[in-house]
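A.B. asks: mind folding the following:
(chains A, B and C)
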Amino acid sequence: MEGRIGKNSVPLHGSIDKSKILDVKPLKSLIPIFSMSSQTPPLGQYPSGFSPFFPFGAPQQTPTEVTPNGAATPIRAYRSTPWAGDTSSTMEGFSDQHTSGKKKRGSPKSRSAKLSLDKPKRSQEPPVDLGALVGISPAQKDDGSREMVNFVLMAFDALRRRLCQLEEAKELSLGSVKRADLKACSILMTRGIRTNMRKRVGSAPGVEIGDIFFFRTEMCVVGLHSPSMSGIDVLHIRGEFEEETLAVSIVSSGEYDDDAEDIDVITYTGHGGNFFKKDKHAIDQKLQRGNLALDRSSRELNEIRVIRGIRDAVNPNAKVYVYDGLYKIEDSWIGKAKGGGDVFKYKLARMSGQPSAYSVWKSVQKWKSGSSRTGLILADISNGAESIPVALFNEVDNVKAPIYFNYFHSLRHPKSFSLMQPSNGCTCTKACVPGDLNCACIRRNEGDFPYTGNGVLVNRMQLVHECGPTCQCFPNCKNRVSQTGLKHQMEVFKTKDRGWGLRSLDPIRAGTFICEYAGEVVDRAKVSELVREGNEYVFDTTRIYGQFKWNYEPRLLEEVNPNESSEDYAMPYPLVISAKSFGNVARFMNHSCSPNVFWQPVVYEENNQSYMHVAFFALRHIPPMTELTYDYGVSRSDHAEGISAAKGRKKCLCQSLKCCGFYG
DNA sequence: GCCAGCTCACCCAG
DNA sequence: CCTGGGTGAGCTGG
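C.D. replies: Numbering: from 1, shown residues only, chains lettered A, B, ... in the order given. Here you go, the predicted structure:
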């Protein structure tokens, strides 16, 4: 992922074919805003003690001069927040709560207090602009960076997950939140947690080609495409004599006949008219709004961001949006809709020299439907142990296979080795119901159901308590997420320079369970011995891991306890796993200083003993064919000697901007 | 200039 | 499949 930074800016705006411009005034004044690159501003200072990898530490303010000389002034580029300014009075209260240190969360009972999600009362109590508090400067709100975009997306999804959780547990007092994505968007927008607010032609800084989104509103908060529903985003420009508009981005959801003969070409239909309604007679589209902007863009030949909407193969109800980079309009004409009305048609062609994005999806689709692929070594390294085969690929060199190991899907414990005291499972009939505090498992999770209805982890916790064989609930209970095996089509592949790696052919949504770290549980005292023997497949929960913020920002909800999502855990429960002889796909996951996967301890009962497992979850949305990586952490002894001492540690090849050079 | 209220839109969940 | 609650943002008139 990091390797793509900066590559999504394309040679800009070089040649306007003046002959194509009819009676339109040239928009020469636009050029300065075209030049916004996706360069990442330098990172600032981190608090002493640790260096959180972005985006989870507070983003650093990077004031940049962004006002181009003589640039056109975008007008109404965004709606101004009615409460902008004057936040000082209420900020102190939040700061106090913020700095009050970590506390244990209240009992499940005290936490069941209802939350109020009333709309902010206008002109009475303006909501605090939290942007400044979480470290978003006004400049960053206008112009994004990779860190900023990641930060805002994380904040969005964390809040959305929490709203889902509260809704499912019916802990919301006022009305229901059937659309947590809309609610999360609304809260972030009014609280100033957003970026790329300034509309622009060309790429949105920090959004990389190939980035994926699961909601339209995610693209709103990072300024990739601001309308929450409309397919065309329009920039208003004050021209020399009158206001003009340009199309800056489109969402192509594939609803119409835009399946192209060429993968890099889209035929896009303008909006308006009601040609799609059967019961009404056809109405012609009008040359207004987005259509007018597209028309102008077809003459100006400005870059247009294109987002492809794709029906998710795993979840056919949902759509995934892929940012496919910059396109230009090559042709436009008036066509006929099915209902008979006139519609505007625009042919967009992808600009050359951009990293592949949508084409990767198309390739995956082909592979899945059986077309052959080079580099296949083995169709299923799990030998049937996983319900979805795990293929082995090498397109890089002649190495035929990793060193031999036994594929095993979970943990092997030495006899009479139990980590925790046995306890009784829940007595729920059928499935455990969020909000039901009679469920022993939910009570162990401090009253929260740890997963949303579609199996996404809501918050990182010291320990997630899942239902197990001892529980009386059905095996399909939603609180057994990490026990259900692989859900994505994974493959082990040879990387260019760091041995074998793991990736998925399917997109992975943030918070989704990926796999557990399988292997043999070994005595903690033997760790150094194993490492000395050269065992590279040791997972040790007690290593020092980079801190990061994944949970929602409590100040965005008027919570009873503002510290409840604290992610600072004193010391994780000790567990050492060796995957050298026995293991699953997790043993192939490489280290990164800026990973897209994290681990979470999960506990459930087997044979009347509680066993802890290490479960991996997606840290953010992961596009198909992206290598999966997590933070290997630092051993406590190495940490004591100082991280810079590279003795016995391996050179890190993660290529992340935040790479600390070594790991292990 | 401001804002409430209306309208529009390739939404998303059920 | 279809329905409809819900959202940001443009537009309009007071």
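
A.B. asks: give the contact list for A:Val314.
C.D. replies: Counting by CB atoms under 8 Å, 6 or more residues apart in numbering, A:Val314 touches A:487-488, A:506. In short, each C-beta sits where N, CA and C put it, glycine included.

A.B. asks: now, which of the residues you listed lie within strands?
C.D. replies: Judged by DSSP state E, strands contain none of those.

A.B. asks: turn those into TSV, columns for pLDDT and neighbour count.
C.D. replies: Formatted as TSV, these follow (pLDDT from 0 to 100; neighbours: other CB atoms under 10 Å):
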residue	pLDDT	neighbour count
A:Lys487	93	18
A:His488	94	22
A:Asp506	93	21
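
A.B. asks: kindly reformat the residues you listed as TSV containing distance to DNA strand C.
C.D. replies: As requested, the contacts of A:Val314 are exported to TSV (distance: CB to the nearest atom of the strand, whole Å):
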residue	distance to DNA strand C
A:Lys487	22
A:His488	24
A:Asp506	21
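
A.B. asks: just give me the neighbour total for the residue in the stretch 251-400 of chain A that DNA strand B sits nearest to.
C.D. replies: Ranked by CB to the nearest atom of the strand, the top residue of the stretch 251-400 of chain A for proximity to DNA strand B is A:Ser253, at 2.4 Å. Using other CB atoms under 10 Å, the number of residues around A:Ser253 comes to 16.

A.B. asks: now do A:Gln288
C.D. replies: 13.

A.B. asks: again, but for A:Asp638
C.D. replies: 20.

A.B. asks: okay, the host helix or strand of it in PDB with CA atoms only?
C.D. replies: Element membership for A:Asp638 (DSSP states H and E) is helix A:636-641. Output of helix A:636-641 as PDB, limited to C-alpha atoms (Å, rounded to 0.1, in the frame of the first residue of the first chain):
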ATOM      1  CA  ARG A 636      10.800  -7.200  26.000                       C
ATOM      2  CA  SER A 637      14.600  -7.700  26.300                       C
ATOM      3  CA  ASP A 638      15.300  -6.000  23.000                       C
ATOM      4  CA  HIS A 639      13.000  -3.200  24.000                       C
ATOM      5  CA  ALA A 640      14.900  -2.700  27.200                       C
ATOM      6  CA  GLU A 641      18.200  -2.400  25.300                       C
END
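
A.B. asks: got the buried residues for that helix?
C.D. replies: A:Asp638 (16 or more other CB atoms under 10 Å).

A.B. asks: which neighbours does the helix or strand just after that helix have in its sheet, and in what orientation?
C.D. replies: With elements assigned by DSSP H and E, the helix or strand that comes after helix A:636-641 is strand A:650-651. Note on strand A:650-651: by DSSP bridges, its sheet partners are strand A:662-663 (antiparallel).

A.B. asks: ok, residues contacting the strand it pairs with?
C.D. replies: A:591, A:593, A:632, A:634, A:643, A:646, A:649-652.

A.B. asks: one step back: among the contacts of A:Val314, which are located in helices?
C.D. replies: Secondary structure from DSSP state H places none of those in helices.

A.B. asks: reformat those as TSV; add distance to A:Asn608.
C.D. replies: Shown next, in TSV, are the contacts of A:Val314 (distance: CB to CB, whole Å):
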residue	distance to A:Asn608
A:Lys487	28
A:His488	32
A:Asp506	36
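
A.B. asks: which of these lies closest to A:Gln285?
C.D. replies: Taking CB to CB as the measure, A:Asp506 is the one of the contacts of A:Val314 closest to A:Gln285, at 36.5 Å.

A.B. asks: which one is that closest one nearest to, not counting chain neighbours?
C.D. replies: A:His488 (4.3 Å; CB to CB, 6 or more residues apart in numbering).

A.B. asks: just A:Ala431 next, same as before
C.D. replies: A:Cys477 (4.4 Å).

A.B. asks: circling back to that earlier point, for the residue nearest to A:Asp506, give its distance to A:Glu395.
C.D. replies: 20 Å (CB to CB, to the nearest Å).

A.B. asks: flag the shaky bits of chain A, pLDDT-wise.
C.D. replies: Residues of chain A that meet the criterion pLDDT under 70 lie in A:1-128, A:172-176, A:239-242, A:254-261, A:273-282, A:338-339, A:415-423, A:558-565, A:642-648.

A.B. asks: walk me through the domains of chain A.
C.D. replies: A:129-198, A:216-370, A:373-414+A:482-506+A:516-664 (automatic domain parsing).

A.B. asks: return the most buried member of the ones you listed.
C.D. replies: domain A:129-198 (a mean of 21; mean count of other CB atoms under 10 Å).

A.B. asks: so how far does that one reach from one end to the other?
C.D. replies: Distance between the two ends of domain A:129-198: 17 Å, counting by CA to CA, to the nearest Å.

A.B. asks: and A:Leu182, which of the three is it?
C.D. replies: Here A:Leu182 is helix, with the state taken from DSSP: H, G, I helix; E, B strand; the rest coil.

A.B. asks: now the one 4 residues further on
C.D. replies: Of the three states, A:Ser186 takes helix according to three-state DSSP.

A.B. asks: what helices and strands are in contact with whichever strand in chain A runs longest?
C.D. replies: As assigned by DSSP E, the longest strand anywhere in chain A is strand A:319-336. Packed against strand A:319-336 by the contact rule (3 or more CB pairs under 8 Å, 6 or more residues apart in numbering; DSSP states H and E) you find strand A:212-213, helix A:216-221, strand A:265-269, helix A:289-300, strand A:304-311, strand A:342-350, helix A:358-368.

A.B. asks: quick one, what contacts whichever residue of the stretch 101-250 of chain A sits closest to DNA strand B?
C.D. replies: With CB to the nearest atom of the strand, the shortest gap between the stretch 101-250 of chain A and DNA strand B falls at A:Met229, namely 3.3 Å. Counting by CB under 8 Å, 6+ apart, A:Met229 makes contact with A:Arg216.
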